[in-house]
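>>> Need a 3D model of the sequence below.
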Amino acid sequence: MDRTALFIDAGYLDKLCQEVFGVPSGGRKIPLALNFKQLPAALADAKPWKTFYYHCLPYQDDPPLPAQFAAREAKKRFLGFIGILKGWELREGRLEKRGDSYIQKRVDVLLAVDLTRLAWRQEIKQAVLVSGDADFVPAVEDARAAGVHVTLRYAPGTAHADLVAACNAARPLTREGLEAIRLT
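Okay, here's the model as predicted:
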């Protein structure tokens, strides 16, 4: 079995599409909108066995403000679309409000558990990780110890040096590469 799994930290990918690869417009950047049906093959250089997508719904107050409700409903529709794509697995954490900040909970742990579980069960031989977070270093090292080749996909200047060093290979994402799978 020569299976490749793609692990997408969606918060990281969203940030890249907005802040790094977004299109400037009227003082802010419009996110680069990607074709998610083509995304796995573009990130993994071939269609992966499975794509794991880690995200969470936007925070909303109780009762929600109208804008919060609308944003959450839009994200539910999008995640519903992701959840029915063939070969994709949606993993959802949750967003908590702490003071004036919003913090994703469970997302990184879900990804780390999936990566190490699949590695030690020998269900994958290769993993492609889309992230920049050094919190994944122990999971990457564990997957490598199980014999999995781990490739990091990241935008230059956005990935922690320890994560880049922990992976077998690190390949930068570029605007040109993502533009090739942009929604028109």
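
>>> export whatever helix or strand R77 lives in as PDB, just CAs?
Counting by DSSP states H and E, the element that carries R77 is helix 66-84. C-alpha atoms of helix 66-84 as PDB (Å, rounded to 0.1, in the frame of the first residue of the first chain):
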ATOM      1  CA  PRO A  66     -27.300  39.100  13.000                       C
ATOM      2  CA  ALA A  67     -23.900  39.300  11.400                       C
ATOM      3  CA  GLN A  68     -22.600  36.400  13.600                       C
ATOM      4  CA  PHE A  69     -25.600  34.300  12.700                       C
ATOM      5  CA  ALA A  70     -25.100  35.000   9.000                       C
ATOM      6  CA  ALA A  71     -21.400  34.200   9.100                       C
ATOM      7  CA  ARG A  72     -22.000  31.000  11.000                       C
ATOM      8  CA  GLU A  73     -24.700  29.900   8.500                       C
ATOM      9  CA  ALA A  74     -22.400  30.600   5.600                       C
ATOM     10  CA  LYS A  75     -19.600  28.500   7.200                       C
ATOM     11  CA  LYS A  76     -22.100  25.700   7.900                       C
ATOM     12  CA  ARG A  77     -23.000  25.600   4.200                       C
ATOM     13  CA  PHE A  78     -19.300  25.600   3.200                       C
ATOM     14  CA  LEU A  79     -18.400  22.900   5.700                       C
ATOM     15  CA  GLY A  80     -21.400  20.900   4.500                       C
ATOM     16  CA  PHE A  81     -20.000  21.100   1.000                       C
ATOM     17  CA  ILE A  82     -16.600  19.900   2.300                       C
ATOM     18  CA  GLY A  83     -18.200  17.100   4.200                       C
ATOM     19  CA  ILE A  84     -19.700  15.600   1.000                       C
END
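
>>> can you map out the helices along the chain?
Along the chain, the stretches classed as helices by DSSP state H are 10-15, 39-44, 66-84, 107-120, 137-145, 161-166, 175-179.

>>> helices and strands of this protein: which one bottoms out on pLDDT?
Across the helices and strands of the chain, mean confidence by mean pLDDT, DSSP states H and E is lowest for strand 23-25: a mean of 73.

>>> For burial, what's the neighbour tally of the closest residue to L163 other than its chain neighbours?
Nearest residue to L163, sequence neighbours excluded (C-beta to C-beta, 6 or more residues apart in numbering): A134, at 5.1 Å. C-beta here means a position set from N, CA and C on the backbone, and glycine is covered the same way. Applying other C-beta atoms under 10 Å, we find 16 residues neighbouring A134.
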